[in-house]
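**Student:** Turn this into a model:
(one chain, ligands or ions: 2)
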Amino acid sequence: MSRSALAEKHPWTLPWWKADSDNFWTMIYIVMIHVMAVVGLVLFPLPGWSVFLAALAVACLGGLGTTVGYHRALAHRAVKLNPVVEQILVFFAVFNGSGAPSTWIANHRNHHANSDTIDDVSSPRHGGFWWAHLRWVYQWEASSMQKWCPDMMHRRYTLWASLQMPLIAISLCFGYLFFGWAGLFWLGAIRLVYCLHGQMFVNSLLHLKPGLPEGVDSSQNIWWIGPFQVTAWGENWHGNHHSRPASACFSRHWWQIDIGWYVICGLRALGLATNVRP
Ligand SMILES: [Zn+2]
Ligand SMILES: [Zn+2]
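**Tutor:** Numbers count the residues shown, from 1 in each chain. Ligands and ions are numbered 1, 2, ... in the order given. Down below sits the predicted model:
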């Protein structure tokens, strides 16, 4: 196989800095927030409680946007949300760097359909830890929306793709308005880097079981990733989720904390969520 054909089939063989042509700016974004986060941590290692708690609050809303809005409601249709609640959750997911909903949902359905095979978008089995953790995001050709999420081809979802860039620019800088330079770094790049890795553990560590044969399920539960993911705590029961992907509940025991599920139950009690699949 020629070098280019090999790279097309096995993009993890590319050097880490070679982005897919459609995802070049995603790679620049990932590098940029890491550089800014390091600068922020050097300049403001201890930002004070108000800045820290504000950054945590925005991260919590973003976590809910991803786990309840993107993952359970839109990707798996495990719950039907009130359209206003749905749009608010999408806003916080985009603001938290999770990307446009149609891109996320196409990639995620592709992942479930092909998980643990060579066609998996983010398999650590083939590409290793860093491929599954970060590189696939900008080196894998974007999953086709027509193929994977024709139900997302509505203006109320696709418009977020055009809003994404300005929202991320605001997300990076808005903390300055409230807390000055410490706020700019902590509510911006440091929060975005923290949430990026919290989310990416699902693709990397929660599928990292070296030595399994091709096609054998590698998804697993890891308890300590839960608190790290703040309100996306529940995504760490990824083995449970792969065994019953249509369920809106990711826990199987009372002690398996699943904040997304508790929020869905609360929304159902308020009449803001229906068709909940337990
Ligand atoms: Zn998975
Ligand atoms: Zn899923």
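**Student:** can you dump the C-alpha coordinates of stretch 61-72 into PDB?
**Tutor:** Only the C-alpha atoms of stretch 61-72 are listed here, as PDB (Å, rounded to 0.1, in the frame of the first residue of the first chain):
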ATOM      1  CA  LEU A  61     -23.300  23.700  32.400                       C
ATOM      2  CA  GLY A  62     -21.100  22.600  29.400                       C
ATOM      3  CA  GLY A  63     -20.900  19.100  30.800                       C
ATOM      4  CA  LEU A  64     -24.700  18.900  31.000                       C
ATOM      5  CA  GLY A  65     -25.000  20.300  27.500                       C
ATOM      6  CA  THR A  66     -22.800  17.400  26.200                       C
ATOM      7  CA  THR A  67     -24.100  14.500  28.300                       C
ATOM      8  CA  VAL A  68     -27.800  15.300  28.400                       C
ATOM      9  CA  GLY A  69     -28.200  17.400  25.200                       C
ATOM     10  CA  TYR A  70     -25.700  15.900  22.700                       C
ATOM     11  CA  HIS A  71     -25.300  12.400  23.900                       C
ATOM     12  CA  ARG A  72     -28.500  11.100  25.500                       C
END
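**Student:** tell me the mean pLDDT for it?
**Tutor:** Summarised as a single mean, pLDDT over stretch 61-72 is 98.
**Student:** centre of the chain versus that stretch, how much separation?
**Tutor:** From the chain centre to the centre of stretch 61-72 is a distance of 8 Å (CA atoms, centre = their mean, to the nearest Å).
**Student:** now swap in stretch 183-196 and tell me
**Tutor:** That offset, for stretch 183-196, works out to 15 Å (CA atoms, centre = their mean).
**Student:** what residues does it touch?
**Tutor:** If you take CB atoms under 8 Å, 6 or more residues apart in numbering as the criterion, stretch 183-196 is touched by 30, 32-34, 36-37, 39-41, 43-44, 47, 51-52, 54-55, 58-59, 62-63, 96-97, 134, 171-179. To be clear about C-beta, it is placed using only N, CA and C from the backbone, and glycine gets the same treatment.
**Student:** Strands of the stretch 101-250 of the chain, start to end?
**Tutor:** With DSSP state E, counting those that start in this stretch as the criterion, the stretch 101-250 of the chain has no strands.
**Student:** sorry, back to before: narrow the contacts of stretch 183-196 to just the buried residues.
**Tutor:** Listed as buried from those are 30, 33-34, 36-37, 40-41, 44, 47, 51, 54-55, 58-59, 62-63, 96-97, 134, 171-172, 174-175, 179; burial here means 16 or more other CB atoms under 10 Å.
**Student:** Filter these down to just the ones in helices.
**Tutor:** Residues of those located in helices (DSSP state H): 30, 33-34, 36-37, 40-41, 51, 54-55, 58-59, 62-63, 171-172, 175, 179.
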